[in-house]
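Participant: fold the following for me, if possible:
(chains A, B, C and D)
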Number of protein chains: 2
Amino acid sequence: METCCDMRGFLTFIVLRLLSKKPMSGEEIREELKKRKGSKPSSGTIYPCLKMLAENGFIEEISRSGKLKRYTLTKKGQAELKRATRQFVRIFYDMKEEYR
Amino acid sequence: METCCDMRGFLTFIVLRLLSKKPMSGEEIREELKKRKGSKPSSGTIYPCLKMLAENGFIEEISRSGKLKRYTLTKKGQAELKRATRQFVRIFYDMKEEYR
DNA sequence: GTTTATATATCGGACACCCAACATTAGACC
DNA sequence: GGTCTAATGTTGGGTGTCCGATATATAAAC
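Facilitator: Alright, predicted model coming up:
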């Protein structure tokens, strides 16, 4: 094994973050993740994730343009993102120095 | 479900980060994680993790004081941490604003 | 309306992550 | 040496995360 730290497990957090900035569709989120991570999550990853978030009231469909189904955060989703962000900062507060 | 984003999957990354700053033992790492996350990883979590990292040459035992077995990063571990940190920053570059 | 392309959705399974419980080791103290 | 305590180590299993393959829906092009 040449690498560790594959950084799984933050997909829902990243999705909430992206949707908090602007409404996005599954495809748009996949594209954004490709830019950031280098690899595009499969459709079998992103749509179940969106479905789960919607079913639990964190996000909701806001518009449909063409085939694109865009989501945005609900109040509950905003609260969850806030909570998760606090947690994130508590864990990684010393990452600050890495951003430059 | 009231929360999502449980932020699993970053344990090895966090461990490498901690060990890059100073040698630490399993117990010391558990304590530090309790401070940051609020919950202490179980011994069945931390020791297999350290074992895996050691077996793959990312960390090595550096000293033994009392029962404490302290580890530090190897060259390979430093390289992996650097790679993972780049990845992390690429994904979360826009978290910058959250640190204040 | 048929074909084509693209976005969305579902399903099964592989693997990773972590915990709880239990077992072992090593030093401290007598 | 014997006992106690704390750190380390091991095992089994539950759950989460993600992928690849497959299926469906939608709109555009013709």
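Participant: and the residue of chain A nearest chain B?
Facilitator: Closest contact between chain A and chain B, by C-beta to the nearest C-beta, is at A:Gly9 (2.9 Å). In short, each C-beta sits where N, CA and C put it, glycine included.
Participant: which residues touch the nearest residue to A:Leu19 once chain neighbours are set aside?
Facilitator: Counting by C-beta to C-beta, 6 or more residues apart in numbering or on different chains, A:Leu73 is the residue found nearest to A:Leu19 once chain neighbours are left out, at 5.2 Å. By C-beta atoms under 8 Å, 6 or more residues apart in numbering or on different chains, A:Leu73 lies in contact with A:16, A:19-20, A:58-59, A:81.
Participant: before we move on, back to that, next, the residue of chain A closest to chain B: secondary structure please.
Facilitator: Under DSSP: H, G, I helix; E, B strand; the rest coil, A:Gly9 falls in the coil class.
Participant: how close does the nearest residue to it once chain neighbours are set aside sit to DNA strand D?
Facilitator: If the residues on either side of it in the chain are set aside, A:Gly9 comes closest to B:Gly9, at 2.9 Å by C-beta to C-beta, 6+ apart. To DNA strand D, B:Gly9 is 6 Å away according to C-beta to the nearest atom of the strand, to the nearest Å.
Participant: what of A:Arg90?
Facilitator: With distances taken as C-beta to the nearest atom of the strand, A:Arg90 is found 18 Å from DNA strand D.
Participant: cool, A:Leu81 as well?
Facilitator: Distance from A:Leu81 to DNA strand D, by C-beta to the nearest atom of the strand: 15 Å.
Participant: just checking, that residue touches A:Ile14?
Facilitator: No - using C-beta atoms under 8 Å, A:Leu81 makes no contact with A:Ile14, being 10.6 Å away.
Participant: more neighbours, these two?
Facilitator: A:Leu81 (22 against 19; other C-beta atoms under 10 Å in any protein chain shown).
Participant: may I ask which helix or strand of chain A has the lowest mean pLDDT?
Facilitator: The helix or strand with the lowest mean pLDDT-type score in chain A, counting by mean pLDDT, DSSP states H and E, is strand A:59-65 (a mean of 86).
Participant: give the buried residues for whichever helix or strand comes after it.
Facilitator: Downstream of strand A:59-65, the next assigned helix or strand under DSSP states H and E is strand A:68-73. Applying a neighbour-count criterion of 16 or more other C-beta atoms under 10 Å in any protein chain shown, one finds A:69-73 buried in strand A:68-73.
Participant: same check, this time on stretch A:7-17
Facilitator: A:7, A:10-17.
Participant: what do you get for stretch A:37-51?
Facilitator: By neighbour count on 16+ other C-beta under 10 Å, the buried set for stretch A:37-51 is A:40-41, A:46, A:49-50.
Participant: likewise for stretch A:75-92?
Facilitator: If you call a residue buried by 16+ other C-beta under 10 Å, then stretch A:75-92 has these buried ones: A:77, A:80-81, A:84-85, A:87-89, A:91-92.
Participant: which one of those is nearest DNA strand C?
Facilitator: Distance to DNA strand C, by C-beta to the nearest atom of the strand, is smallest for A:Ile91 among the buried residues of stretch A:75-92, at 10.6 Å.
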